[in-house]
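A.B. asks: Have a look at this prediction, sequence included:
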Amino acid sequence: MIDDITTAVITALSGLSGLSGVAVVAAYDNSKNVEDSNGKIVIVNASSEVMSSLANGKPMAWRVNLNISSETHCEADKNGAIRKGMSAAIFAWMKSLTSLTVTGYRLDGVLDVAEGETGQSGENYATRACTGTLIISSTT
Amino acid sequence: MTTSFGVTSTGGYGILQSLSETGTPEIAEARAATGKVHEMKAYSVTKEATAEGIFDGDSIAEPGTQLAVGSVTGLITNIQTNETNTDFKRVSVTVQKKDTATLSAYS
């Protein structure tokens, strides 16, 4: 389930005008990194925890914790404007999110959308995370 | 050894999260001159059941309506819905029946 959610998030983010020309990848995807993505990349990391269960104890809804990092090259983005734009686009998307297409699951709500501090990533890159929690229910 | 996991009883509303049943007798006591209880007589028993569920679109009855919750078929003495901005809407209902009373719904 979590990989399906990640894929849906990547698909949605990839279509944002604010992320035009930016590679959006899953955290587990090592086929592309910031160095071969024109110095800017968005990394989607997700995990889930059970929120509610059926009468028999089997889970029916999850909190999906998203951590979406915007990473840019410090030289190419000296004042951080590119990274700020990427992060703002992600924040706005998450804040207004009302549906996500994932077979067998439904988006019921969005909680705790927030932006993190800017931090260093390796020697040459800076990153800022946008975090949020999706409430995902099984439809089967 | 027979154990039971989860909510196996039925009744109430929504996706059941918990269901509890209680039985409470009313007991008359006769005390001796010393104050010690000499005799106890149970003369009435109230059975009550409460179920809490995640609301799933069920049509919810009015208070005073007859409803079965678990093994208790009684009149609804309390019904409550809760909505918060961090959880699913929940509905809790309590029914009660005393002895073998005939149940007449509120009208």
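C.D. replies: Alright, I've got the coordinates. Residues are numbered from 1 along each chain as shown, chains lettered A, B, ... in the order given.
A.B. asks: which stretch of helix or strand covers A:A12?
C.D. replies: helix A:2-14 (DSSP states H and E).
A.B. asks: got a list of contacts for that helix?
C.D. replies: A:19, A:24-26, A:42, A:44, A:46-48, A:64, A:66, A:68, A:90, A:93, A:97, A:100-105, A:134, A:136 (Cβ atoms under 8 Å, 6 or more residues apart in numbering or on different chains). In this view, the C-beta of every residue, glycine as well, is placed from N, C-alpha and C.
A.B. asks: With stretch A:20-40 instead?
C.D. replies: Residues from elsewhere that reach stretch A:20-40 (Cβ under 8 Å, 6+ apart): A:3, A:6-7, A:10, A:13-14, A:41-46, A:70-73, A:76-77, A:82-83, A:86, A:121, A:125.
A.B. asks: Could you turn the buried ones of the residues you listed into a PyMOL selection?
C.D. replies: Here is the PyMOL command that selects only those of the contacts of stretch A:20-40 that count as buried (16 or more other Cβ atoms under 10 Å in any protein chain shown):
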select buried, chain A and resi 6+10+13+41+42+43+44+45+46+70+71+72+73+77+82+83+86+121+125
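A.B. asks: How about the residues of chain A by chain B?
C.D. replies: With Cβ under 8 Å from any Cβ of the partner chain as the criterion, chain A meets chain B at residues A:S52, A:S53, A:L54, A:A55, A:N56, A:G57, A:M60, A:A61, A:D108, A:L111.
A.B. asks: Report the two of these separated the most.
C.D. replies: A:N56 and A:L111 (26.2 Å; Cβ to Cβ).
A.B. asks: between those two, who's got more neighbours?
C.D. replies: Neighbours were tallied for A:N56 and for A:L111 using other Cβ atoms under 10 Å in any protein chain shown; the higher tally belongs to A:L111 (13 against 10).
A.B. asks: Just checking the distance from the helix ranked longest in chain A to the centre of its chain.
C.D. replies: Looking across chain A with DSSP state H, the single longest helix is helix A:81-95. What separates the centre of helix A:81-95 from the centre of its chain is 11 Å, taken as Cα atoms, centre = their mean, to the nearest Å.
A.B. asks: Please apply the same query to stretch B:6-21.
C.D. replies: 11 Å.
A.B. asks: and what of stretch A:58-69?
C.D. replies: The answer for stretch A:58-69 is 12 Å, by Cα atoms, centre = their mean.
A.B. asks: residues contacting A:R106?
C.D. replies: For A:R106, counting by Cβ under 8 Å, 6+ apart, the contacting residues are A:I136, A:S137, A:S138, A:T139.
A.B. asks: Out of the residues you listed, give me the one that has the most neighbours.
C.D. replies: A:I136 (23 neighbours).
A.B. asks: part of a helix, is that one?
C.D. replies: No: A:I136 sits outside any helix when classified using DSSP: H, G, I helix; E, B strand; the rest coil, being strand.
A.B. asks: what sits opposite it in the beta ladder?
C.D. replies: A:I136 has these beta-bridge partners by DSSP bridges: A:W62, A:L107.
A.B. asks: just checking, it touches A:G104?
C.D. replies: No: at 10.1 Å, A:I136 and A:G104 do not qualify as touching, with contact defined as Cβ atoms under 8 Å.
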